[in-house]
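# what's the 3D shape of this:
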Amino acid sequence: MRYTVVLEPQEDGGFTIQCVEIPGAISQGETRQEALDNIKEAIELVLEVQNEELQKKTKAIKLEITQVEVANVA
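Numbers count the residues shown, from 1 in each chain. Below is the predicted model of the structure:
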């Protein structure tokens with residue numbers, strides 16, 4: 001997957017970086033490359049946590065999908 005990130009140079013040096021598509025995926029680095037490497041890790045961690053939360057919710061709500069047949073009411 002490809003994600004859009006925004007790099008922002010900091011006055012005291014280094015960069016902050018955040019992913020546009022994934023709120024909460026924010027990181028920083030002393031260099032541009034370090035910030036890019038760190039945001040990849042941040043994205044992976046956020047997606048992992050989101051996946052775990054989704055798994056917990058689907059286990060708690062036992063969903064069943066089935067079909068029913070309805071007699072012609074006409």
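# how far away is the most centrally placed residue in the chain from V6?
The chain has L47 as the residue nearest its centroid, 3.8 Å off, counting by Cα atoms, centre = their mean. Distance, L47 to V6, using Cβ to Cβ, to the nearest Å: 18 Å. All C-beta atoms are positioned from the backbone trio N, CA, C, and that covers glycine.
# in this protein, what residue spans correspond to strands?
Along the chain, counting by DSSP state E, strands occupy 5-9, 15-19, 26-29.
# distance to I61 and mean pLDDT added to these, as JSON lines?
Listed next are the strands of the chain as JSON lines, based on distance: least, Cβ to Cβ, whole Å; pLDDT from 0 to 100:
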{"stretch": "strand 5-9", "distance to I61": "34", "mean pLDDT": "98"}
{"stretch": "strand 15-19", "distance to I61": "29", "mean pLDDT": "98"}
{"stretch": "strand 26-29", "distance to I61": "30", "mean pLDDT": "98"}
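# closest one to T58 among these?
Closest to T58 of those, according to Cβ to Cβ: strand 15-19, at 24.7 Å.
# what pairs with that closest one, parallel or antiparallel?
Neighbouring strands of strand 15-19 in its sheet, by DSSP bridges, are strand 5-9 (antiparallel), strand 26-29 (antiparallel).
# winner for burial among these?
Highest mean neighbour count among these (mean count of other Cβ atoms under 10 Å): strand 26-29, with a mean of 18.
# for Q10, what are its contacts?
Q10 makes contact with T16, Q28, according to Cβ atoms under 8 Å, 6 or more residues apart in numbering.
# I61 versus that one, what's the distance?
In terms of Cβ to Cβ, Q10 sits 44 Å off from I61.
# buried residues in the lowest-mean-pLDDT helix or strand in the chain?
Least confident helix or strand, the chain: helix 32-60 with a mean of 91, by mean pLDDT, DSSP states H and E. Neighbour-count burial for helix 32-60, counted by 16 or more other Cβ atoms under 10 Å, picks out A35, N38, I39, K40, A42, I43, V46.
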